[in-house]
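**Q** This is a predicted model, with the sequence first.
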Amino acid sequence: MKLIAPKPAHSALILVFLCSSLLTAALQAQPRPYHAEYKAKANGLDATAIRELQQQEEGEFLLSNSLDLKIAGVTVSTIHESSLFQWREQRITPLHYRLEQTRIGARLEEISFDWSAGMAQTRAQDGTYSLPLTGDNIQDRLSLDLQIAEDLARLDRGSLIGTELVYRVAETDELEEQRFRVEALEQVETAMGVIPAVRIVRVRAPDSKRKTTLWLATEQQFLLVALEQINSSGERTELSLSAYREL
């Protein structure tokens, strides 16, 4: 992934594009289904990733990710991740999350949200867990991405940069607070050309070795354009948008 620094004379134009996008997204009644493809690298391996947002029954959507890791053209691991959620008044309410990895690193995890009972039930390889659904802005690992996009769309244009967004994310055995900071407007070079984007980082402890940076398209409902993630062992995962179409 390559970043292109905008010239000072173009800064006002980029701001106009961003403001237009924010207004459009804020007014839209619900997310627009789409299909996106990414070139990916994970642990030094080349991969192909696909993300799709599909509408289910009225008010419900399914967001899914798939990733195939290959060595010499042979798939060595496949990851499928999905989030079924309800959309209501610009808020996302997760209903069911599923993560399945096959072959190398095989694992399966599911989280079912019972909002009427105020509990989430997690089924993982090491057992089952019950999570009280207390607090605001609760999301699963995948629905989180769409809620961030929606929250960005509603931000006042003058307060976009430097804003921090806070969520409670359902993990295997806990609701983990995750904080994100909006850092800059940038232009990202992808296989689809140069895309105006906003750069967001996950805020972690100062001594943490883990880093997560996302670039979201300001003119395409804050679609994920690129991602760079480094885990505690120093292993790097990268994504870069290669194809996109609305469904």
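**A** The structure has been received and is ready for your questions.

**Q** mind checking the SS state of the most centrally placed residue in the chain?
**A** Centrality entry for the chain: nearest residue to the mean C-alpha point is residue 145, 3.1 Å, by Cα atoms, centre = their mean. What DSSP: H, G, I helix; E, B strand; the rest coil gives for residue 145 is helix.

**Q** OK, contacts around it?
**A** By Cβ atoms under 8 Å, 6 or more residues apart in numbering, the contact set of residue 145 is 63, 224. Backbone N, C-alpha and C define where each C-beta goes, glycine included.

**Q** How about residue 39?
**A** Counted by Cβ under 8 Å, 6+ apart, residue 39 has contacts 46, 48-49, 191, 239-240, 242.

**Q** List only those of these flagged as buried.
**A** 49, 239-240 (16 or more other Cβ atoms under 10 Å).

**Q** Just the ones of those in strands?
**A** With strands taken from DSSP state E, the overlap with the buried ones among the contacts of residue 39 comprises 49, 239-240.

**Q** Columns distance to residue 92 and pLDDT on top of those residues, output as TSV?
**A** Shown next, in TSV, are these (distance: Cβ to Cβ, whole Å; pLDDT from 0 to 100):
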residue	distance to residue 92	pLDDT
49	21	94
239	21	95
240	25	97
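
**Q** Just the closest of the residues you listed to residue 108, please.
**A** Nearest to residue 108 among those is residue 49, at 19.4 Å by Cβ to Cβ.

**Q** Now do the buried residues in the host helix or strand of residue 242.
**A** Assigning secondary structure by DSSP states H and E places residue 242 in strand 236-246. Across strand 236-246, burial judged by 16+ other Cβ under 10 Å covers 237-241, 244.
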